[in-house]
Each structure stands twice: as structure tokens, then as C-alpha cells.
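Just need the structure, nothing else, for what follows:
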Amino acid sequence: MNTKRACIYPKDIQRITGRSERYGRKLLNDIKNFLDKEPHQFITVDEFSEYSGIQIDIVNQYIID
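A predicted model of the protein is given here:
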């Protein structure tokens, strides 16, 4: 069974956007603040896709298993 991860990490954001990993960390924190999540909670691929406006299919192409 080939499943992909449910959460997204700064390295994934770096690969998708071409920006730095530090930018990815900042963006994840911005999304957590926007969604009123606690610092220990994860951001899902769907939440990232919705926030960034990037289609879920495109995001899934960059997710490393």
C-alpha cells in the first residue's frame, strides 16, 4: 500500500515554492496562527493547499514518502 504523509514540513514547502527552509518554517507558523492551532499541532497537506492556493494534486507531487 503506497500512502503519502498527511502532514507537511518546512522541507516540503522549500521544494514546492523554491524558497528557503526558514521561509517554510515561518509559513507553517503563519498557517498555525491563521487556523488557531497550538504550536505542537501539525499542518495537513489539505490545510496547506487551501491556505497557499496551490492545488492539492501539485502539492502531493512534491511530498516525499
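
Extract the C-alpha trace of stretch 20-31 and format it as CSV.
Output of stretch 20-31 as CSV, limited to C-alpha atoms (Å, rounded to 0.1, in the frame of the first residue of the first chain):
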residue,chain,number,x,y,z
SER,A,20,14.4,28.6,1.9
GLU,A,21,13.6,26.2,4.6
ARG,A,22,13.4,29.1,7.0
TYR,A,23,10.6,30.6,4.9
GLY,A,24,8.9,27.2,5.2
ARG,A,25,9.0,27.3,9.0
LYS,A,26,7.7,30.8,9.0
LEU,A,27,4.9,29.9,6.6
LEU,A,28,3.9,26.9,8.8
ASN,A,29,3.7,29.2,11.8
ASP,A,30,1.6,31.7,9.9
ILE,A,31,-0.8,28.9,8.9
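
ok, the residue nearest the centre of the chain - contacts?
For the chain, I8 is the residue whose C-alpha lies nearest the centre (Cα atoms, centre = their mean; 3.8 Å). Residues counted as contacts of I8 (Cβ atoms under 8 Å, 6 or more residues apart in numbering) are 28, 42-45, 48, 59, 63. Backbone N, C-alpha and C define where each C-beta goes, glycine included.

contacting residues for the residue nearest to K4 when sequence neighbours are not counted?
Using Cβ to Cβ, 6 or more residues apart in numbering and skipping residues adjacent in sequence, the residue nearest K4 is I63, 5.1 Å away. By Cβ under 8 Å, 6+ apart, the contact list for I63 reads 4-5, 8, 12, 45.

Noted, bye for now.
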